[in-house]
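1. Got a sequence here, can you model it:
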Amino acid sequence: MAVALQTEFEQVFGFPIQEAIGMTEAVPTCFNRRDRINTGSAGEPAEGVDVRILDEHGREAPVGKAGEMVVRHPGTAVGYWNDSQATSDAIRDGWLYTGDLALKDNDGFYWFAGRKKEIIIRGGSNISPQEVEEVLLKHPAVFQAGVVGTPDPTWGESIVAFVCPHENASCDEQELIDFAKQHLADYKTPEQIHFLEEMPLGLTGKVSRKTLKEMALTQQEVCA
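-> Below is the predicted model:
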């Protein structure tokens, strides 16, 4: 959940959100305990859960470096029904490879960094859509934001953002790009920003980056 939304929630209701991270195939992996809440973090490992962050070579990633989160717990799923390939891809030597990217800080908190399949690779650099979205959501006129990558002949991928403004709020594309540049490195700044009246959401209420990607590619074809 975006930090801006968590902060607004606490201001309205008077208590913080205890954010967590988990998936259907495993028990909740990490969560913020009531006495140890670190806003923006997925929290610390749940009792009895082993968590590792692995780099692209399968080695333990250093503290502060993002990699794939793999987890192990007696309650983890043993496989996928009638799908041995998916099982062998996800579960190796008792560890569940979640497909989530995260990093561990010096205090033992884990920070979600996006999904491996959604990472934007621009000029050889990995960019988390969530990081860019978090910045756009800090702008007072932005209610919702979604970021995707589209093919680019020079850089590999371009960064395209979609935003829904707050009711009765207004901003333009250049204003948001300039705002993003104040908080992000140039290579992470969106090249295009499209405005929507309604953000496409999945069944769980999350922004559907798959739908946004399709919209961005359609827009790219029209402009070609």
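
2. which other helices and strands contact the helix or strand harbouring T211?
-> In this structure, T211 sits in helix 209-223 according to DSSP states H and E. The contact analysis (3 or more CB pairs under 8 Å, 6 or more residues apart in numbering; DSSP states H and E) places helix 209-223 against strand 142-152, strand 156-165, strand 192-195. No exception for glycine: its C-beta is placed from N, CA and C like everyone else's.

3. now these in a markdown table, with mean pLDDT, mean neighbour count and distance to K210?
-> Below are those laid out as a markdown table (pLDDT from 0 to 100; neighbours: other CB atoms under 10 Å; distance: least, CB to CB, whole Å):
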| stretch | mean pLDDT | mean neighbour count | distance to K210 |
| --- | --- | --- | --- |
| strand 142-152 | 94 | 21 | 9 |
| strand 156-165 | 95 | 21 | 13 |
| strand 192-195 | 95 | 17 | 16 |
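
4. Quick one: the ones you listed as TSV, columns for distance to Q219 too.
-> Formatted as TSV, these follow (distance: least, CB to CB, whole Å):
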stretch	distance to Q219
strand 142-152	9
strand 156-165	8
strand 192-195	7
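
5. so which of those comes closest to E25?
-> strand 142-152 (25.3 Å; CB to CB).

6. So which residues make contact with that closest one?
-> With contacts defined as CB atoms under 8 Å, 6 or more residues apart in numbering, strand 142-152 is touched by 118, 120-122, 127, 129-130, 132-133, 136-137, 157-167, 169, 171, 176, 190, 199-200, 207-209, 212-213, 216-217, 220.

7. among the residues you listed, which ones are buried?
-> Buried members of the contacts of strand 142-152, counted by 16 or more other CB atoms under 10 Å: 118, 120, 122, 127, 129-130, 132-133, 136-137, 157-165, 171, 176, 190, 199-200, 207, 209, 212-213, 216.

8. now the helices for this protein?
-> 3-13, 84-90, 129-137, 173-183, 209-223 (DSSP state H).

9. could those helices go into TSV alongside mean pLDDT?
-> Formatted as TSV, these follow (pLDDT from 0 to 100):
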stretch	mean pLDDT
helix 3-13	90
helix 84-90	93
helix 129-137	93
helix 173-183	96
helix 209-223	83
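
10. which of these sits most buried?
-> helix 129-137 (a mean of 21; mean count of other CB atoms under 10 Å).

11. other SSEs contacting that one?
-> With contacts defined as 3+ CB pairs under 8 Å, 6+ apart, helix 129-137 has these neighbours: helix 3-13, strand 110-115, strand 142-152, strand 156-165, helix 173-183.
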